[in-house]
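> Got a predicted model here, sequence first, then my questions.
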Number of protein chains: 2
Amino acid sequence: MKIAVDAMGGDHAPGEVVKGACEALKQFPVIEKIVLVGDETRIKPLLAEEVVDRIDILHTDEVIGMDEHPATAFRQKKQASIRLATDLVRDGVCDGIVSCGSTGAQMASAIFRLGRIKGIKRPAIAVLLPTLNGPKLLVDAGANTQVDPQNLLDFATMGAIYMQLLNHHPARVALINNGAEEEKGSDLTQAAHQTLKASSLNFIGNIEGREITEGVADVMVCDGFTGNVILKTLEGFGKNIFTLLKRDIQKHLRFKLGALLLKPAFYELKHQLDPKVVGGAPLLGVRGVSIVCHGNSDHTAVLNGIQVAKQCIEADLIAQIEEAVECEQTED
Amino acid sequence: MKIAVDAMGGDHAPGEVVKGACEALKQFPVIEKIVLVGDETRIKPLLAEEVVDRIDILHTDEVIGMDEHPATAFRQKKQASIRLATDLVRDGVCDGIVSCGSTGAQMASAIFRLGRIKGIKRPAIAVLLPTLNGPKLLVDAGANTQVDPQNLLDFATMGAIYMQLLNHHPARVALINNGAEEEKGSDLTQAAHQTLKASSLNFIGNIEGREITEGVADVMVCDGFTGNVILKTLEGFGKNIFTLLKRDIQKHLRFKLGALLLKPAFYELKHQLDPKVVGGAPLLGVRGVSIVCHGNSDHTAVLNGIQVAKQCIEADLIAQIEEAVECEQTED
């Protein structure tokens, strides 16, 4: 198994990315090689000696920044690290690719270099959210601002396969809505409810915002606008709640002492809420394993992202999705 | 000033509602009278003696439950407490109405008994969210699943007037979107961005989910589907984060001790995040002061809701909105 890693993508690239890649090689002997794509002069000094013979470097100077327009940057920067890394999968050199860079640029690279899975009109971004019952999948987390019920069914089908692959039990699928009852919602969610109900998925119905972090469903489906807002609202609140708590703690010595005693528990909680820790999640609907890690990923997150790539490759995620989509369509 | 209170609405009615109404009378001498609408035999024993002469009871047996279909229940239950309470405002007996009952039924009562403000096609639900910079207004929090850019401008205009009334400084208005840049978003948010930019409001641009609890804007505008999902996602996460923390605390004696010391700080944080505490927020766009309190309100929340009604009446919120809407339209 060979995995391409975009060494230049993300807030802490290339340092944390290279470190994470080296750790993955140490931890997973099944990974024969990692190809690091990026600035060779910056990457080389960062390599861990024990694994240096299992690392190839594909040099490039170009990188797509987080603030660039993804599709435009993808078109203009033909040598961008995410683009070259994706091409390694297209050309069969690598079995999957991992990046902490611009998700939009990664999606553009995947769509235009790997192509879509037959029957999938709209590939989607899947993200694992922290919940009371462990990480659960939100899809679409931001790729498709406007969708139709069939797109949502595709997201659900692909998400269910991925979660079954992770948890080894059939995934419960829910539709995010502004009410639990099936007649509630927008035109989109009302129609999508019926589409999902008629499918062969284990559809448990609508869920409201309140239930998202309860983890009642393995796969939570919505359009990419709503998904983006949910994801970022949770990220912001997860951070801001600690700011509010810190303010209160400063008020009394007693609180400061309590906080000192609780420090490891707070750390654990922060850790549980940290989107970085969950590691990566795959782009769903493209013809190759392409794992998105958070832009803010540290080496552990990169390691986790590479592990996700490994799992997807081992389980042959793409073939499984192709098969499921074909079944879904035959049933219609 | 006379205020009608739906004594039967909410999870803790009539007990907490009546208690909150009595406290409001003690605290605010400017309120001549409160009319409690509901079951007289249940309300009477709950009245505080000092204020009993400032309370009238309008008896009714009917109440609309939280689980009933709002519009249907409104049509069928002609004697429902929320409906009779709203009629007191329509008939000029009271200057405003406060309820902790079904928000949908309150909106239906307001629209059909008070009517819409001229120029406002879609009244909206406004909710104050806890943020790092104090409570900020989310509008629409759930009344209108599908809207157009003009509706969003109306929400923004009305929300800005309300927040200026609360904070005594011009309100900063933002549009909730899946990206900060003005070319990002759905067809709706892209068009709404231009509409808001061209208005006379203090429009600071798009905000992403991450910024919602930072409190960078006084008024955060979105469609009611998105608003409902945001509100409930925050409510759920605010609750579930304490469940996660409790689990961690149980693991060690040291943590339990720390938690004991920090108990008042946790209580304070929970309090800050509690939608009940913020008190009520007005239905915006109807021809009368109608304050929505959380269904889970205790007596303090009811007291706060009545205070909001008092503020809206004193500042003549409805006339201010009428004037602003007229100006907005003249400018076009």
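Okay, I see it. Numbering: from 1, shown residues only, chains lettered A, B, ... in the order given.
> ok, residues contacting stretch A:193-210?
Stretch A:193-210 is contacted by residues A:149-150, A:152-153, A:156-157, A:160, A:170-182, A:184-185, A:189, A:216-217, A:220-221, A:230, A:327-328, A:331, B:228-236 when judged by C-beta atoms under 8 Å, 6 or more residues apart in numbering or on different chains. For glycine as for every other residue, the C-beta is placed from the backbone atoms N, C-alpha and C.
> Please flag which of those residues sit within helices.
If you go by DSSP state H, the contacts of stretch A:193-210 have A:149-150, A:152-153, A:156-157, A:160, A:189, A:230, A:327-328, A:331, B:228-236 in helices.
> Send me stretch A:261-268 as PDB with only the CA atoms.
The C-alpha coordinates for stretch A:261-268 follow below in PDB (Å, rounded to 0.1, in the frame of the first residue of the first chain):
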ATOM      1  CA  LEU A 261      -7.400  19.800  39.900                       C
ATOM      2  CA  LEU A 262      -9.700  19.400  36.900                       C
ATOM      3  CA  LYS A 263      -7.100  20.300  34.300                       C
ATOM      4  CA  PRO A 264      -6.600  16.800  32.900                       C
ATOM      5  CA  ALA A 265     -10.400  16.400  32.700                       C
ATOM      6  CA  PHE A 266     -10.700  19.700  30.800                       C
ATOM      7  CA  TYR A 267      -7.900  18.600  28.500                       C
ATOM      8  CA  GLU A 268      -9.700  15.300  27.900                       C
END
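> can you pull the buried residues of that stretch?
Within stretch A:261-268, the residues scored as buried using 16 or more other C-beta atoms under 10 Å in any protein chain shown are A:261-262, A:265-266, A:268.
> again with stretch A:79-93
Using 16+ other C-beta under 10 Å as the test for burial, stretch A:79-93 gives A:80-90.
> got the phi/psi numbers for A:V286?
Main-chain torsions, A:V286, degrees, to the nearest 10: phi -100, psi 160.
> Quick one: residues contacting the nearest residue to it once chain neighbours are set aside.
Leaving aside its chain neighbours, A:V286 sits nearest to A:A110 (4.0 Å; criterion: C-beta to C-beta, 6 or more residues apart in numbering or on different chains). Counting by C-beta under 8 Å, 6+ apart, A:A110 makes contact with A:86, A:123, A:283, A:286, A:288, A:290.
> These: which two are farthest apart?
The span of these, defined through C-beta to C-beta, is set by A:T86 and A:P123 at 12.9 Å.
> Strands of the stretch 51-200 of chain A, residue ranges please.
Shown for the stretch 51-200 of chain A, the strands assigned by DSSP state E, counting those that start in this stretch span residues A:55-59, A:96-99, A:124-129, A:136-139, A:172-176.
> ok, and does the last one reach over to chain B?
This means strand A:172-176. Yes. Residues of strand A:172-176 contacting chain B under C-beta under 8 Å from any C-beta of the partner chain: A:I176.
> which secondary structure elements does that strand contact?
Contact here means 3 or more C-beta pairs under 8 Å, 6 or more residues apart in numbering or on different chains; DSSP states H and E; on that basis strand A:172-176 packs against helix A:149-167, helix A:187-197, strand A:202-207, helix A:209-212, strand A:219-221, helix A:224-249.
> out of these, which comes closest to A:I306?
Closest among the helices and strands packed on strand A:172-176, using C-beta to C-beta: helix A:149-167, at 15.2 Å.
> Any residues of the stretch 101-250 of chain A in contact with chain B? List them.
A:131-132, A:142, A:145-146, A:176, A:178-179, A:185-187, A:189, A:208-214, A:224-226, A:228-238, A:240-241, A:243-245, A:248-249.
> out of these, which are buried?
Applying 16+ other C-beta under 10 Å to these, the neighbour count classes A:131-132, A:142, A:145, A:176, A:178-179, A:185-186, A:189, A:208-214, A:224-226, A:228-238, A:240-241, A:244-245, A:248-249 as buried.
> Please report the distance of A:L303 from A:G280.
Going from A:L303 to A:G280 by C-beta to C-beta, to the nearest Å gives 10 Å.
> Which residue lies nearest the spatial centre of chain A?
The residue lying closest to the centre of chain A (C-alpha atoms, centre = their mean) is A:A281, at 2.6 Å.
> May I have the phi/psi pair for that residue?
When read as degrees, to the nearest 10, the backbone of A:A281 gives phi -140, psi 150.
> A:D6 now?
Torsion angles at A:D6 (phi, psi; degrees, to the nearest 10) stand at phi -80, psi 100.
> hang on, it packs against A:S102?
No. Look at A:D6 against A:S102 with C-beta atoms under 8 Å: they stay out of range, at 9.8 Å.
> Who has more neighbours out of these two?
Neighbour comparison, A:D6 and A:S102: the larger count goes to A:D6, with 33 against 27 (by other C-beta atoms under 10 Å in any protein chain shown).
> tally of neighbours for the residue nearest to the more buried one when sequence neighbours are not counted?
Leaving aside its sequence neighbours, A:D6 sits nearest to A:S99 (C-beta to C-beta, 6+ apart; 3.7 Å). Residues near A:S99, counting by other C-beta under 10 Å, number 35.
> how much space between A:S99 and chain B?
Separation of A:S99 from chain B (C-beta to the nearest C-beta, to the nearest Å): 19 Å.
> Make sure that residue is actually in contact with A:V289.
No. In this structure, A:S99 is not within contact of A:V289 by C-beta under 8 Å, at 11.7 Å.
> And stretch A:125-145, what's buried?
Across stretch A:125-145, burial judged by 16+ other C-beta under 10 Å covers A:125-132, A:135-145.
> First-to-last residue distance for that stretch?
End-to-end distance for stretch A:125-145, by C-alpha to C-alpha, to the nearest Å: 11 Å.
> A:L25 is in what secondary structure piece?
helix A:15-27 (DSSP states H and E).
> what helices or strands is that helix leaning on?
strand A:2-6, strand A:33-38, strand A:55-59, helix A:299-314.
> which one is A:G10 nearest to, not counting chain neighbours?
A:C100 (2.9 Å).
> since we're on that neighbour, how many residues are nearby?
A count of nearby residues for A:C100, using other C-beta under 10 Å, gives 32.
> A:Q194 too?
When neighbours are counted by other C-beta under 10 Å, A:Q194 comes out with 11.
> pLDDT at it, what is it?
If you check A:Q194, the pLDDT there is 97.
> now A:F237
91.
> pretty sure A:V325 is in contact with A:F155, am I right?
No. With contact defined as C-beta under 8 Å, A:V325 does not reach A:F155; the gap is 11.4 Å.
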